[in-house]
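Asks: let's see this in three dimensions:
(one chain, ligands or ions: 1)
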Amino acid sequence: MRGILITFEGIDGCGKSTIAADVARRIAKVEGPPFAGRRFLFTAEPTKGEEGLLIREKLKRSSKRAVGQEVADSLTPKAETRSTLRSREAEDLEELFLFMADHARHLKETVIPALERGEIVISDRYSDSRVAYQGVTLQGIIPRTLEWVRELHQPWSIVPERTILFSIDPSLAVQRCRARADGSPKEKTNGPEKFEDEEFLGEVAANFELMARNEPERFVVIDAAQGKAEVLKETMEALAEILEKNRSEA
Ligand code: TYD
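Replies: Numbers count the residues shown, from 1 in each chain. Got it, this is the predicted structure:
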């Protein structure tokens, strides 16, 4: 049987990483088709590889700078604003290319070998995160931003067979991020907080929704504001359907 690439996407705080961990636990216990007898590989972007760690460091540094920058901006005379903007543009481009480098290594070292072994690869974030997030950060810098980011992947990346989008209202997502940070000192100091802003996440969410509308055959949209048990149930149902289809086509 051939391998299948499935991705989980959504804005920060949508709960997809928790659901991915729950899915892994649930799958290990299910007996019988379509889950039993298939090998699963759970993975994520940014990865824990060299580039992934660099990205996390950078996101932490930029979140600190973003807070300091608000004060600096209010003190900066208008004439100097342009140079601030240029350095931000450079930083946003650098970020995109680091995510791309991480993706190239992820494909080569993890995703492609697993697909070749016939495994079901489930990636917590993948190229659509770039289209949705960097589609916002690079707006005004790159024309036709979403298309450009997508086209950058097109010649060498692999399009997922199915993508589960965990859809949630940005204000609820931000509340969840804050609750998570308050509950865990580790998350508070280590978590990438750069993107955990309601207005920003609203634009990212709109990009995800747009992608889901444009590719209804690839996207499965799950309402992530429901209780965890319901989200897990719907995710397992979606996965079962994807695997059944793969079995019948094999
Ligand atoms: P992630 O580890 O998934 O964060 P969380 O578990 O808090 O959702 O991703 C870190 C951040 O990086 C997250 O805010 C989303 C962002 N991101 C991008 O902006 N572009 C990308 O291509 C990827 C993979 C992530």
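Asks: lowest average confidence, helix or strand, in this structure?
Replies: helix 185-190 (a mean of 49; mean pLDDT, DSSP states H and E).
Asks: next secondary structure after it?
Replies: The first helix or strand that comes after helix 185-190 along the chain, using DSSP states H and E, is helix 198-214.
Asks: for residue 7, pull up the helix or strand it's in.
Replies: Once you assign secondary structure using DSSP H and E, residue 7 falls within strand 4-9.
Asks: go on, residue 238?
Replies: Residue 238 belongs to helix 228-249 when assigned by DSSP H and E.
Asks: now that helix: mean pLDDT?
Replies: Per-residue confidence for helix 228-249 averages out to 94 on the pLDDT scale.
Asks: again with stretch 156-176
Replies: The predicted confidence, averaged over stretch 156-176, sits at 97.
Asks: give me the distance from that stretch to the chain's centre.
Replies: For stretch 156-176, the distance from its own C-alpha centre to the chain's C-alpha centre is 6 Å (Cα atoms, centre = their mean, to the nearest Å).
Asks: go on, stretch 200-214?
Replies: Averaging C-alpha coordinates over stretch 200-214 and over its chain gives two centres that are 12 Å apart (Cα atoms, centre = their mean).
Asks: which residue does the chain bring closest to the ligand?
Replies: Scanning the chain for proximity to the ligand using Cβ to the nearest ligand atom identifies residue 133 as nearest, at 3.1 Å. Heads up, the C-betas are built off the backbone N, CA and C, glycines and all.
Asks: pop out the phi and psi values for that residue.
Replies: Listed backbone geometry of residue 133 is phi -80, psi -50, with angles given as degrees, to the nearest 10.
Asks: touching, it and residue 194? I think so.
Replies: No - with contact defined as Cβ atoms under 8 Å, residue 133 does not count as touching residue 194 (9.9 Å).
Asks: who's more crowded, the two?
Replies: A side-by-side neighbour count of residue 133 and residue 194, using other Cβ atoms under 10 Å, places residue 133 first with 25 against 20.
Asks: please name the nearest non-neighbouring residue to that one.
Replies: The shortest distance from residue 133 to any residue other than its chain neighbours is 5.4 Å, reached at residue 204 (Cβ to Cβ, 6 or more residues apart in numbering).
Asks: show the pLDDT at that neighbour.
Replies: 98.
Asks: tell me, how many residues neighbour the nearest residue to residue 240 once chain neighbours are set aside?
Replies: Counting by Cβ to Cβ, 6+ apart, residue 34 is the residue found nearest to residue 240 once chain neighbours are left out, at 5.6 Å. By the other Cβ under 10 Å criterion, the neighbourhood of residue 34 contains 18 residues.
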